[in-house]
Each structure stands twice: as C-alpha cells, then as structure tokens.
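Novice: Quick one: sequence and predicted model below, then my questions.
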Amino acid sequence: MGSTTFAVPETKRPQNVDRSRIGWPLGFTIASVVIVIFYGFVLPFLVPDVRTFVQNWMPLNQINDALIWAMSALGLNIVVGYAGLLDLGYVAFWAVGGYTAAWLMSDFGFGQKVNFDVLGNPNAGTVGGIHLNIVMVFVAAMAVCALMGVIIGAPTLRLRSDYLALVTLGFGEIIPQVFKNGDEDGIGFNLSNGTVGIGPMDTVPALGINRGEVKFGNLGPFDHVGRFIIFSLLTALIIFISLRIRQGRLGRAWLAIREDELAASAMGVPLMRAKLAAYAVGAVAGAIGGVAFTMQLGQARPDPFTFSVSITLLAMVVLGGMGNVWGVLIGALFLAWFNSVGLPQMGNSINDTFGTHIEFPSFSFLIFGGALVLMMLFRREGLLPESRTRLVLHEGATGDSEAEEPDQELVDQADVIKSGEVK
Amino acid sequence: MAQTTAAAPSWPRARLNLSAYGERIAAYIVLSAVAVWLGANLLHSPSDFFSSIVFGLGNGALYALIALGYSLVYGIIELINFAHGDLFMLGTLLSVVVVTTIFGQTAMGAAGWLAFAAALVVVALFCASINVTIEFLAYRRLRHAPKLAPLITAVGMSFILQFVGLKWNGSGQKQSPSVLPTGHFEIGGVRVYTNMLVVLAVTIPILFLMTYIVTRTRAGKAMRATAQDPDAARLMGVNVNKIISFTFGVGGALAGIAGVMYQQVIGTTRYDLGLQLGLMAFTAAVLGGIGSLPGAVLGGLLIGVIQGLNEGVAYGAGQRWTQSVVFSILILFMVFKPAGLLGQSLREKV
C-alpha cells in the first residue's frame, strides 16, 4: 500500500485481536449505558441519603472530568507508552486545543469586529465573534494540534531521549505563557485575552437527560448526562484509534523504536517519520482532551494549563502500565477520581471520624511523586502491564551480571577445543 | 536506550544535507537577529544596557551554582536530576530558618555576617545529605534500568520535595529580611548592587574550589574516570558508588549555597520556585554544554545576562516573558547545537 514496505513476515493474526474487536466496544457501551441510565433515570428518584452519598463520592461531573483526563492520558500513552518518547509538556496540546475551541466558538473574535457563523450555535444575545459547529471545532483543533506536534517534533525528535523530555517541557511552559501574556504581546494584537481568558463558550446542542426527561437541546452547565454521552463517545474513539494503530504497521514500528531504536532503524523503520506520527497522533488526542476540557469549563483560561497537568498525565500512564490501553484508561480514571473526589472525601471522613484537621488534598504532591518513584522502583511496568513491556523494562536489570558470569557459548567452545574434537 | 545522535539514517541523503544547510542558515539568522537587538539596545541607552548586564551577572552566578549541580550529575550518570531545583528551594527555606529564626538576624551587621556564614555551611550540608539520600534510595537501584525509569523517578522526587516545601512554608510566598548590605552605587552611570558583589565574592572562590577538586584531587580524578566509563573505573579500583554519592553531595551543597544567597538577595521564596529556577539553571547547563563544568558557569552567567537584558533594557520583552525567552534559547540550542558552547560533541553510550 504505502511507499515504504517493512520486512515483516506474514504472521497469524494474534488471538486477542478478534476478541477486542467485538468484546471491548460491547463492554464499553454497556458500562456507558448503565451510567447514563443510573444518573439520568434512577438517581434523581432515589432516597436523599443515597443521592447525597453518590453526589459526594461519585458525582457525574467528576466522571466527566475523569473521562477528559483519560482521553489525554491515552494520547500521551501513544507518545510515551507506544513510541517510548518521554513528553513532559503534553499540557501544551491541551492548551492549544482548548484555545482553538475558544477562538472558534465564542464571541471573542480576537478583539476584532468579526461576525462569522457556520452552523454554529451562538448564545442568546451574542453579537459578533466566530461561531463554528462543534464538530468543525474538534476537527480544527485536531488539525492545529497535529500540525503543532509536527512543528515541535521535526527539529527536536532526533535529540536523545532525556533532551527530548526537556525540550517538550520547555514547550509545555512556553505555550501556556504565550496564552497568559497573549493580550500584551507588544504588537497590539489580542491573542488570548490574557489572564481573564476567553468565554463564555457557545453551548453545544446535544441529547440531554435531566431527571428522567430526554430532550434534544443546548447543554446547560448542569446537563452532565449529555456531556457524559459526548465524552464517552470521544473516549471510545481514542481507545479505538489506540488499539487499531497498535496492531498496524505504524504501531509495530513504534514498539520497535521503543525497544531498540538502533535495531529498529537497521530493520528499515523510518525513525523520524514514525516518531513524528506518534507525536501527531498523540497531539490529536491531546486536542480532543483540550476541547472537551474547555467545553466542560465553559471558557478557556490560562491558569489550569500548568506543568502539574503534564505530570499528572504521566503518572496516569505510568501507574496504569505504559503501552497498555486498558491499564492507562483505568489508571487515568482512578487517579482523576482520586485527585478530585477520593482524596478530599476520604480526608473528610477521616477528619470526621478522628476529629483531626488534616488538609488531605495538599498531600496530592506527595502521593503523586511517591507513586511515580515507587512504581519506577518496584513495578516499572505499571499495575496492568503489557507482557511485552514487562520483558523490556526488566531486561536492563540483568545487564550488570553479564560480566560476572562467563559466556556459556564460549565455555562450550573452549570445552570442545580442549577435548580435541575440532576437526 | 540506544540512540543515534545524527539525523535519522533512513532519510534520503540529499534531504539530509538540505536540512543541514537550512539549519545552518537559520542559526545564522537567529544569531544576527540577536546581534541587531543587542546593538539597538546599546545605542538606545548604554547605561541601562550595562547596568542590566551587571545585574544579570549576579543572578547568573546563582544560576551557575545550580547549573554545576546538574552538570556534575549528568556528567557522571547521564541523569537529568529533576529534583535538583527543588533541593535549591529547600535550601532557601532552611536559610530563612537559620538566619532569621535561629540567629534572629534581620539586618546587616557583624552578627548578620556570622548568621550568613553559618547558613551557608548548614544549608550546604543539609542539601548535600538530602541529595545523597535520594541517590542512595532511588537512583542507585535504577542505574541499569532504561533511561526513562530514572528520569521519571527524578520527576517524582521533585514532587516529593515540593510537597516538603509546601508543608514547610505553605502555598504562599515567604518574605524574609536580608542580612546582606543593600543599596547600590554607580560607576560611570552603570548601577552596581552591593549584594550582588557579595554573591560574586562567595561564588567565585567556590568555582575555583570546584575546579581544584575536579582537576587536582584523587576524588576528582575518580569522578572523571567514572564519568568516562563506570565499569572500567571499577576495574581500576575506583569505588564507583562512593564517587557517585560524593558527586551528588557536592551538587547538593552547591544548590544549598545558591539557595542561601538567592534568599538573601531576592528575599522571597515559594514551594514551586525550584521548578522555574531549576529549569533556568538546566538551560544554563545545556547552553554551556552539559557535563562541562566551565560550560555550566559560562552558561549560567549568559542566562543571567540574558534575563537581565530582557527585563532591564528598553526593547526587552519584560519580566513576564523571561521564562519564554529562556526556554526558547534552550530549544534553539537543543536544535542547532546540542553539544552547547563548551561541550564535547555528544556520544551516546550504547
């Protein structure tokens, strides 16, 4: 098909492919439908005690947030887990995706008098601005981020792995700062409205379910079920892309690069092209996450886009198991829940029970840092490892003992020579 | 783990050359733009220009101290020690405790100088021991692991140290009085701050001491041997673990000394200070050529001067853009000259 052909022998299709083709979409759909039914039709009519409990421990709003984190973590997994390129500035893609959405579906219009509306859905009373349809916004944000991924990647991807981490970190710091200072850039062009941010964003017309009532309309700030449907579809899309690419030629090339770059290039894998593709695909997922994030927030502001977002995403990928889609998905959902709901709630109940006044959310630094360190020390492959990753990550540990033990092949040869059987 | 430093070999040859030419031309364009910018500022106001440079040199001395820690550690085990900047942050916090709480000094004076000297020693020891402990607990076990593992560990360590800073100091800024002389004097219209002179007076002997340690002592010789090839060094009777610990200790001590002086000169600190300053210092280390000690010093001074110019002169972008400017320099250097100004060309140990 393509111009480059890889010398990959025809192999039998692995067993798990067929299973995942029907299995996971079914499971994912069932899980989503159950959540929709529960939060849309059942929860509002339960006794207040149960309702309060669920609202405290598992609010749908936070599930939506967790899905946004999961989308981005899956995108980062493509870069870090599949291709083995450490990206510490993934928040840049979030920021660019989010701001692209804000530019294209609000009355901001870069402070100019523009009035541009293509199938958009401007809020009532909005005058001017750019209003595109949400689907177009997603496509535009994905395109912008993919382009940015290539622009960032092209000059930097041939760097050594640790330098690459630093350069991505640099971009992750510069780009939010550009948005933060974008209203005073010295040339009088208002790029991003500075620290105030851009908002409110246009509402999205979609299927909403509220207290058992199903209707199609603009999603308000409390239409969590409607947003959940959109976000779970997006997550499913990213899972699908991740799984399918992983089986394909590009995915195999990425794994080869991750495991041994030199050997991969000797086998004819075009390093630059494959790495750029990893960056671009990862950036696309980041863009989806960014658009969803601003959609959830209702506006784009610079302050959520910090280094800790990149690190949190990295922790999700590492905790779940680098390279394994399901591990990363579960790791992301769990960590996002833990960070926003679990830790404060558990802290509250511990404080209530023991009468203490410990500020538990401030421990997230320790927990995240500790998790990263402990995982790297004791379970480098993550909680749900890919069998392949485990092998690679533990290979290095034996490196030192090689020198201490004699090479068996040489010993055998020596024995043969000694016994005089060489012809 | 294995890497190629050259461009991807699978690319067609002609395109590779083309991109190399394009790169060279782009590098010259960037350099000449910088030269034009410098010239314009010099003509606009020479006294502002030189004042900014002098001010920047003082900051640069601090960056140089932190950058040395990065460079030493990178030189010996090829690890970017992410937690180094946070170590510096802990140094600033402890210096406040020593100078203001223990010695109770809030102004210049004989007792103030004594407190300052005590803080230098105490904080240097404190940061050195933390750095050695981190190496012992975490990095040592990962020495043979793929590169991604120690790097992620270092990021995690940086978060743990930030947590310590957060609990120690709260999420806000901490102000503290300075015991160094304040004020400034002018030489021919160029403004010189007195506390910057103190910084230079402390930094320069330390840099000479570092040069002496690395080039003249047995430990320094062992350090260089370990950096070249740990296995060969071990065969030659070098206690590699001890030397790596020593290197981490020296790096930590330098970060602590930088922390004391930063706190005395700038006067404020925050739990996330280490990330910003650490990145600046890392940029300095890369600019000078990571692994090279004179390079780290040169890079630190240059970054300081660049920051001073950016914030001080008429055509500068101002303080809010400083980080962007410095990181842009980092990226440009990584792209055009990854070996840095004084570094040797990079060879990957395969």
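Specialist: Right, received. Where do you want to start? Bear in mind that the values here come from a model prediction, so they are computed numbers and not experimental data.
Novice: tell me the contacts of the closest residue to chain A within the stretch 251-350 of chain B?
Specialist: Nearest residue of the stretch 251-350 of chain B to chain A, counting by C-beta to the nearest C-beta: residue B:327, 3.8 Å away. (Each C-beta comes from the backbone N, C-alpha and C, glycine too.) Shown in contact with residue B:327 (C-beta atoms under 8 Å, 6 or more residues apart in numbering or on different chains): A:170, A:171, A:173, A:174, B:279, B:283.
Novice: And the second one, how far from residue B:185?
Specialist: When distance is defined by C-beta to C-beta, to the nearest Å, residue A:171 is 42 Å away from residue B:185.
Novice: neighbour-wise, which of those two wins?
Specialist: It is residue A:171, of residue A:171 and residue B:185, that has more neighbours when counted by other C-beta atoms under 10 Å in any protein chain shown, with 24 against 10.
Novice: Could you give the backbone dihedrals for residue A:203?
Specialist: phi -80, psi 160 (degrees, to the nearest 10).
Novice: Quick check: it touching residue A:221?
Specialist: No: counting by C-beta atoms under 8 Å, residue A:203 does not reach residue A:221; the two are 9.0 Å apart.
Novice: okay, those two: which has more neighbours?
Specialist: Per other C-beta under 10 Å, whichever of residue A:203 and residue A:221 has more neighbours is residue A:203, with 20 against 11.
Novice: Provide the secondary structure category for residue B:133.
Specialist: With DSSP: H, G, I helix; E, B strand; the rest coil as the basis, residue B:133 sits in helix.
Novice: State the distance from it to residue A:262.
Specialist: Per C-beta to C-beta, residue B:133 is found 36 Å from residue A:262.
Novice: Repeat that for residue A:191.
Specialist: 42 Å.
Novice: helix/strand/coil for residue A:222?
Specialist: Of the three states, residue A:222 takes coil under three-state DSSP.
Novice: Could you give the number of residues near the closest residue to it other than its chain neighbours?
Specialist: Spatial nearest neighbour of residue A:222, chain neighbours left out: residue A:210 (7.6 Å); criterion: C-beta to C-beta, 6 or more residues apart in numbering or on different chains. Residue crowding around residue A:210 was assessed by other C-beta under 10 Å; the count is 16.
Novice: So which residue is smack in the middle of chain B?
Specialist: Nearest residue to the geometric centre of chain B (C-alpha atoms, centre = their mean): residue B:67, 2.2 Å.
Novice: ok now do that residue, which residues does it touch?
Specialist: Residue B:67 touches B:281, B:282, B:284, B:285, B:288, B:296, B:297, B:299, B:300, counting by C-beta under 8 Å, 6+ apart.
Novice: Could you look up the SS state of it?
Specialist: Classified using three-state DSSP, residue B:67 is helix.
Novice: For chain B, which element, helix or strand, carries the lowest mean pLDDT?
Specialist: Sorting the helices and strands of chain B by mean pLDDT, DSSP states H and E puts helix B:13-44 at the bottom, at a mean of 75.
Novice: how distant is that helix from the center of its chain?
Specialist: Relative to the centre of its chain, helix B:13-44 is centred 26 Å away, using C-alpha atoms, centre = their mean, to the nearest Å.
Novice: How about stretch A:42-49?
Specialist: With C-alpha atoms, centre = their mean, you get 33 Å for stretch A:42-49.
Novice: Just the CA coordinates for the helix or strand harbouring residue A:263, please, in CSV.
Specialist: Element membership of residue A:263, judged by DSSP states H and E, is helix A:261-266. The C-alpha trace of helix A:261-266 is given here as CSV (Å, rounded to 0.1, in the frame of the first residue of the first chain):
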residue,chain,number,x,y,z
GLU,A,261,15.9,2.5,18.2
LEU,A,262,19.1,1.4,16.6
ALA,A,263,17.9,-2.0,15.8
ALA,A,264,14.6,-0.6,14.5
SER,A,265,16.3,1.7,12.1
ALA,A,266,18.5,-1.1,10.9
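Novice: Can you name every helix or strand that that helix contacts?
Specialist: Helix A:261-266 is packed against helix A:249-259, helix A:271-297, with contacts defined by 3 or more C-beta pairs under 8 Å, 6 or more residues apart in numbering or on different chains; DSSP states H and E.
Novice: quick one: buried residues of it?
Specialist: Buried residues in helix A:261-266, counted by 16 or more other C-beta atoms under 10 Å in any protein chain shown: A:261, A:262, A:264, A:265.
Novice: likewise stretch A:130-146?
Specialist: Neighbour counts using 16+ other C-beta under 10 Å place A:130-134, A:137-138, A:140-142, A:144-146 of stretch A:130-146 among the buried residues.
Novice: Excluding chain neighbours, give the residue nearest to residue B:94 in space.
Specialist: Using C-beta to C-beta, 6+ apart, the nearest residue to residue B:94 is residue B:123, at 5.0 Å.
Novice: who touches the one you found in this structure?
Specialist: Residue B:123 makes contact with B:91, B:94, B:95, B:98, B:256, B:257, B:259, B:260, according to C-beta under 8 Å, 6+ apart.
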